[in-house]
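K.L.:
sequence unknown, structure follows:
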């Protein structure tokens, strides 16, 4: 007992509690084993004591009570102070224990918020990707319908913008608005995958294309051949189209590199990167065809413009499908 009391005094400054359990006689196998080397001089005294111990043990209570008490001491939250110094130590220990509990609860709460935010971000990303896919489908549908509604326009020599001046020209306005929605919502979806400078540049370029597509929809092009000087509407349409096509191609290149860094080298990223290269090549061919049309009068630039639009829509749709098919609980990469 003296050893335990001394140990308790030495450990008290370190907020460690020492408890001494001194059980009486309980119903155990304590008396089952005799002394290993009994002395003959104590035979009678030993027999008398062993008889007493045996009877006491047989009548003793269940040792489970001792086990429960030891367990209570082991999980107790502190000790009772005997003086002011002990009270201060106990209070400090309790405060430290409470701080640890609060810190643990705050960590769990922060983790819960992060998981909720990640889940919400994943759902928002999938929603934006779905809107982008619907926007691309709207463009394809309206442009295809206009080819059947206005069969007099030669797809080889006439630009898609010319459909706005003919029968059911409002369909092209809807299609260009769909193109803007497709690019902008995809930019919103991609913005949630990372926060790198490269991705920011790609998002800005996609947003520029969206704005240019809206301007091209609101301000129709001039008829060809022109009936006089270029109108303000035709000028705005031409400038928006030129800036928009270059912005979209740049966005496709930048975002394709980002997607490869985030999702790794997979079948998805190989297709996306291949479409990015095709976008650059088709834009170059369109520019060459336009120069040839102006210089030599060979009008095939309409075909290459449609090729540019088709490749760009394919890229937008493929990226949207990638974001839709990717697991929502996938961890983001920096």
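P.N.:
Right, received. Where do you want to start? The structure displayed is predicted, hence computed values, not measured ones.
K.L.:
elements contacting the strand or helix carrying residue 239?
P.N.:
If you go by DSSP states H and E, residue 239 is part of helix 232-263. Applying 3 or more C-beta pairs under 8 Å, 6 or more residues apart in numbering; DSSP states H and E, we find helix 232-263 packed against helix 170-191, helix 197-218, helix 267-296, helix 301-325. No exception for glycine: its C-beta is placed from N, CA and C like everyone else's.
K.L.:
just give me the neighbour total for residue 273.
P.N.:
18 (other C-beta atoms under 10 Å).
K.L.:
how confident is the prediction for it, by pLDDT?
P.N.:
For residue 273, the pLDDT comes out at 94.
K.L.:
what's the spacing between it and residue 25?
P.N.:
Separation of residue 273 from residue 25 (C-beta to C-beta, to the nearest Å): 83 Å.
K.L.:
do residue 292 as well
P.N.:
111 Å.
K.L.:
quick check: closest non-adjacent residue to residue 290.
P.N.:
Excluding the flanking residues, the one nearest residue 290 by C-beta to C-beta, 6 or more residues apart in numbering is residue 301, at 4.5 Å.
K.L.:
burial measure for residue 209, as a count.
P.N.:
Residue 209, neighbours per other C-beta under 10 Å, totals 28.
K.L.:
I figured it hits residue 251, correct?
P.N.:
Yes: contact criterion C-beta atoms under 8 Å: residue 209 and residue 251 qualify, at 6.4 Å.
K.L.:
overlap in contacts of the two?
P.N.:
residue 183 (C-beta atoms under 8 Å, 6 or more residues apart in numbering).
K.L.:
return the residues in contact with the residue nearest to residue 24 when sequence neighbours are not counted.
P.N.:
Nearest residue to residue 24 in three dimensions, chain neighbours excluded: residue 60, at 7.6 Å (C-beta to C-beta, 6+ apart). Applying C-beta under 8 Å, 6+ apart to residue 60 gives the contacts 24, 25, 26, 27, 28.
K.L.:
got a PyMOL select line for the buried ones in the residues you listed?
P.N.:
Only the buried entries of those go into this PyMOL selection, using 16 or more other C-beta atoms under 10 Å:
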select buried, resi 25
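K.L.:
out of the contacts of residue 60, flag the one nearest to residue 71.
P.N.:
Of all these, residue 26 has the smallest distance to residue 71: 15.6 Å, by C-beta to C-beta.
K.L.:
sorry, back to before: of all the helices and strands packed on helix 232-263, which one is nearest residue 71?
P.N.:
It's helix 301-325; of the helices and strands packed on helix 232-263, that one is closest to residue 71 (C-beta to C-beta) at 52.9 Å.
K.L.:
for the closest one, name the packing helices and strands.
P.N.:
helix 84-149, helix 170-191, helix 232-263, helix 267-296.
K.L.:
which one of those helices lies nearest to residue 16?
P.N.:
When the helices and strands packed on helix 301-325 are ranked by proximity to residue 16 (C-beta to C-beta), helix 84-149 comes first, at 9.1 Å.
K.L.:
what about residue 227, distance to residue 173?
P.N.:
21 Å.
K.L.:
so those two - more neighbours on which side?
P.N.:
Just comparing residue 227 and residue 173: by other C-beta under 10 Å the higher neighbour count belongs to residue 173, 17 against 8.
K.L.:
go ahead and confirm the more buried one touches residue 215.
P.N.:
No: assessed by C-beta under 8 Å, residue 173 is found out of contact with residue 215, at 11.6 Å.
K.L.:
on the three-state scheme, the nearest residue to residue 157 once chain neighbours are set aside is what?
P.N.:
Sequence neighbours aside, residue 299 is the residue nearest to residue 157 in space, at 3.4 Å (criterion: C-beta to C-beta, 6+ apart). For residue 299, the secondary structure call by DSSP: H, G, I helix; E, B strand; the rest coil comes out as coil.
K.L.:
who's in contact with residue 299?
P.N.:
Here residue 299 is in contact with 154, 156, 157, 293 (C-beta under 8 Å, 6+ apart).
K.L.:
out of the helices and strands packed on helix 232-263, deepest packed?
P.N.:
helix 170-191 (a mean of 23; mean count of other C-beta atoms under 10 Å).
K.L.:
which other helices and strands does it contact?
P.N.:
Against helix 170-191 (3+ C-beta pairs under 8 Å, 6+ apart) you get helix 84-149, helix 197-218, helix 232-263, helix 301-325.
K.L.:
let me see the domain layout of this protein.
P.N.:
Domain assignment for the chain, taken from automatic domain parsing, gives 2-103, 120-325.
K.L.:
let's have the helices and strands packed on helix 170-191 in CSV, adding distance to residue 41 and mean pLDDT.
P.N.:
Formatted as CSV, the helices and strands packed on helix 170-191 follow (distance: least, C-beta to C-beta, whole Å; pLDDT from 0 to 100):
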stretch, distance to residue 41, mean pLDDT
helix 84-149, 49, 69
helix 197-218, 93, 94
helix 232-263, 88, 94
helix 301-325, 90, 95
